[in-house]
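Asker: this is a predicted model, with the sequence first.
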Amino acid sequence: MAYKLIDLTRDGGVATIQLDRPKALNALNTEMMGEVANALATLEADDSVGCVVLTGSEKAFAAGADIKEMSDNNYLSIYKNDTFEENHCAIERFRKPIIAAVAGYALGGGCEIAMMCDFIIAADNAKFGQPEINLGVMPGIGGTQRLMRAVGKAKAMDMCLTGRMMPAEEAERAGLVSRIVKLDDLMSTAKEAAAKIASQSQPVAMITKETVNAGFNMTLEQGIRFERRLFQSLFTTQDQKEGMAAFIEKRKPHFKNK
Ligand code: CO8
């Protein structure tokens, strides 16, 4: 499929999806999110891809859902046509590791899709926010829930009720982003992290991601039991044999994704 509103590139085991609608600050419309969902389905099926970076421009990761596209909806039209939400879910359902590399605005749906990724690396100019309340609505693709789990109730309430933007430094302090880097270093840092992940055993990286995410819906005891069973199951893989043998033999492992 030829893409109009995203740019998909690959470098070794790392694929990068760049949102590319600069005049609208990467506002997320149905067409763009359809392309993102299509690209993710392609990358999921491609065994040579071990990790994905999702990014925007230097000014905007994404300034939210496209307000102009959304504004004429009524309850039934937005309820019946959930293509937009379904396409966003492609990010949360993606089974391989995916990193959000965020510069500039990550607002509304933009902040929400960044939070759907496994972790966020932010440039020092990044600004996060859930400003939907200024438009007479509220977050609609997971913002209230994911933000609260990432930064706690006090900050999530502050962000969602005042609509204020959170600068990168505050977002890192609050635990929303894993690291902040200079704007010029954003893509090299994100791609380096992605390459490191892509160099690991792909099934192990996928199972690790699944296990961390499973914890959101489990008690601590259930989560620990789930982790233990999956840890034990990894001893059936050739990659476990290879990883441990390489350590003992003081060499680099060569994982075969088996
Ligand atoms: N939607 C559509 N167009 C947008 C959006 C957006 N979210 N954000 C910016 N644009 C457009 C502007 O309209 C403008 O276009 P034009 O030149 O044709 O007028 C262009 O991008 C540049 O924007 P500005 O001139 O406003 O640029 P500034 O640098 O002055 O301001 C801001 C940048 C602060 C980011 C400002 O553009 C802004 O406040 N944008 C809106 C942010 C926002 O409210 N986001 C939340 C949207 S709602 C949402 O995300 C709900 C998610 C749940 C969806 C569930 C769907 C079913």
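Answerer: Yes, it's here.
Asker: please state the offset of stretch 18-36 from the chain centre?
Answerer: 15 Å (C-alpha atoms, centre = their mean, to the nearest Å).
Asker: span of that stretch from start to end?
Answerer: Stretch 18-36 has its terminal residues 9 Å apart, counting by C-alpha to C-alpha, to the nearest Å.
Asker: same question for stretch 229-239.
Answerer: 17 Å.
Asker: the helices in this structure, which residues?
Answerer: Using DSSP state H, the helices of the chain run over residues 30-45, 67-70, 75-80, 83-93, 109-116, 143-151, 153-162, 168-174, 186-198, 202-214, 220-233, 238-248.
Asker: any low-confidence regions in the stretch 51-200 of the chain?
Answerer: Scanning the stretch 51-200 of the chain with the threshold set as pLDDT under 70 gives no residue ranges.
Asker: still on that earlier bit, which one of the helices of the chain is the most hemmed in?
Answerer: By mean neighbour count, with neighbours taken as mean count of other C-beta atoms under 10 Å, helix 109-116 ranks first of these at a mean of 27. C-betas here are computed from N, CA, C, even on glycine.
Asker: does that helix reach the ligand?
Answerer: Yes: contact check for helix 109-116 against the ligand, using C-beta under 6 Å from any ligand atom: residues in range are Gly109.
Asker: how about the residues of the stretch 1-150 of the chain by the ligand?
Answerer: 24-25, 27, 63-68, 70, 78, 84-85, 105, 107-109, 131-132, 135, 140-141.
Asker: nearest to Lys127, out of the helices of the chain?
Answerer: Ranking these by proximity to Lys127 (C-beta to C-beta) places helix 168-174 first, at 7.3 Å.
Asker: how far does that closest one sit from the chain's center?
Answerer: Distance, centroid of helix 168-174 to centroid of chain: 17 Å (C-alpha atoms, centre = their mean).
Asker: list the helices and strands it packs on?
Answerer: strand 119-123, strand 127-129, helix 143-151, strand 179-181 (3 or more C-beta pairs under 8 Å, 6 or more residues apart in numbering; DSSP states H and E).
Asker: looking at the ones you listed, spot the one closest to Thr236.
Answerer: Comparing the helices and strands packed on helix 168-174 by their distance to Thr236 (C-beta to C-beta), the top pick is strand 119-123, with 28.0 Å.
Asker: partners of that closest one, with directions?
Answerer: Using DSSP bridges, strand 119-123 pairs in its sheet with strand 98-102 (parallel), strand 179-181 (parallel).
Asker: and the contacts of the first one?
Answerer: In this structure, residues lying in contact with strand 98-102 by C-beta atoms under 8 Å, 6 or more residues apart in numbering are 51-56, 61, 91, 106, 113-115, 117-123, 126, 128, 177, 186-187, 189-190, 193-194, 197.
Asker: got it, and stretch 193-208?
Answerer: Taking C-beta under 8 Å, 6+ apart as the rule, stretch 193-208 contacts 11-14, 47, 49-53, 95-97, 99, 121, 230, 233-234, 237, 239-240, 243, 255, 257-258.
Asker: try stretch 222-233
Answerer: Ile207, Glu210, Thr211, Ala214, Gly215, Met218.
Asker: put together JSON lines for the residues you listed, with pLDDT and distance to the ligand on each row.
Answerer: Formatted as JSON lines, the contacts of stretch 222-233 follow (pLDDT from 0 to 100; distance: C-beta to the nearest ligand atom, whole Å):
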{"residue": "Ile207", "pLDDT": "97", "distance to the ligand": "31"}
{"residue": "Glu210", "pLDDT": "97", "distance to the ligand": "26"}
{"residue": "Thr211", "pLDDT": "97", "distance to the ligand": "29"}
{"residue": "Ala214", "pLDDT": "95", "distance to the ligand": "25"}
{"residue": "Gly215", "pLDDT": "94", "distance to the ligand": "25"}
{"residue": "Met218", "pLDDT": "96", "distance to the ligand": "27"}
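Asker: so Ala103 versus the ligand, what's the distance?
Answerer: Per C-beta to the nearest ligand atom, to the nearest Å, Ala103 is found 13 Å from the ligand.
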